[in-house]
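[1] Below are the sequence and a predicted model for it; my questions follow.
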Amino acid sequence: MSVRRRLTTATGAVLLTFAVAGCSGLGRSAVGTIMYETEREAAVMVTSPLVKGCHRLAPAGATKVENNTLVDIVLYPTRDCKGKDSTYLPSNSGNGIVPGTLPWRSYSVIH
């Protein structure tokens with residue numbers, strides 16, 4: 001086997017290893033931003049959140065949320081992404097709470 005062919009094979013193996021490692025889900029993030037507003041109208045922006053786990057919003061919660069990522073999210077009125085009264089929010093859309101309801105306190109990414 002020629003040196004050039006060995007080098008090409010080795011390079012291909014390295015690139016394949018990186019591709020497999022990149023698709024493992026560890027550390028993957030949602031591309032884009034999630035912007036939300038608190039009850040006191042403070043604006044918060046989260047850039048490229050991780051796709052795994054439960055993400056807490058500001059302690060006071062959020063009254064309006066804009067999902068400007070490439071993935072959908074689910075909003076929860078609890079701090080642990082559990083319970084009923086969750087709200088599905090597709091990518092590139094926004095939503096606000098109905099007056100008299102609890103603010104959203106956490107979200108999870110659908111991937």
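    Looks like it came in fine.
[2] so what's the backbone phi/psi at residue 28?
    Backbone torsions for residue 28, taken as degrees, to the nearest 10, come to phi -70, psi 150.
[3] Now stretch 45-57: buried residues?
    49, 51, 55, 57 (16 or more other Cβ atoms under 10 Å). For the C-beta atoms, the positions are set from N, CA and C on the backbone; glycine is no exception.
[4] Okay, and which of the residues you listed map to strands?
    The strands, defined by DSSP state E, take in residue 55 from the buried residues of stretch 45-57.
[5] Turn the buried residues of stretch 45-57 into TSV, including pLDDT and distance to residue 31.
    Shown next, in TSV, are these (pLDDT from 0 to 100; distance: Cβ to Cβ, whole Å):
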residue	pLDDT	distance to residue 31
49	96	10
51	95	10
55	97	15
57	97	20
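[6] Greatest separation within the buried residues of stretch 45-57: which pair is it?
    The span of those, defined through Cβ to Cβ, is set by 51 and 57 at 16.9 Å.
[7] of all the buried residues of stretch 45-57, which comes closest to residue 37?
    residue 57 (10.3 Å).
[8] OK, contacts around that closest one?
    Shown in contact with residue 57 (Cβ atoms under 8 Å, 6 or more residues apart in numbering): 36, 44, 103, 104, 105, 106, 107.
[9] Distance of it relative to residue 64?
    11 Å (Cβ to Cβ, to the nearest Å).
[10] give me every residue that touches residue 40.
    Each residue near residue 40 by Cβ under 8 Å, 6+ apart is listed here: residue 60.
[11] Sorry, slip of the keys, the one I care about is residue 67.
    Residue 67 neighbours (Cβ under 8 Å, 6+ apart): 32, 34, 73, 89, 90, 91, 92, 93, 94.
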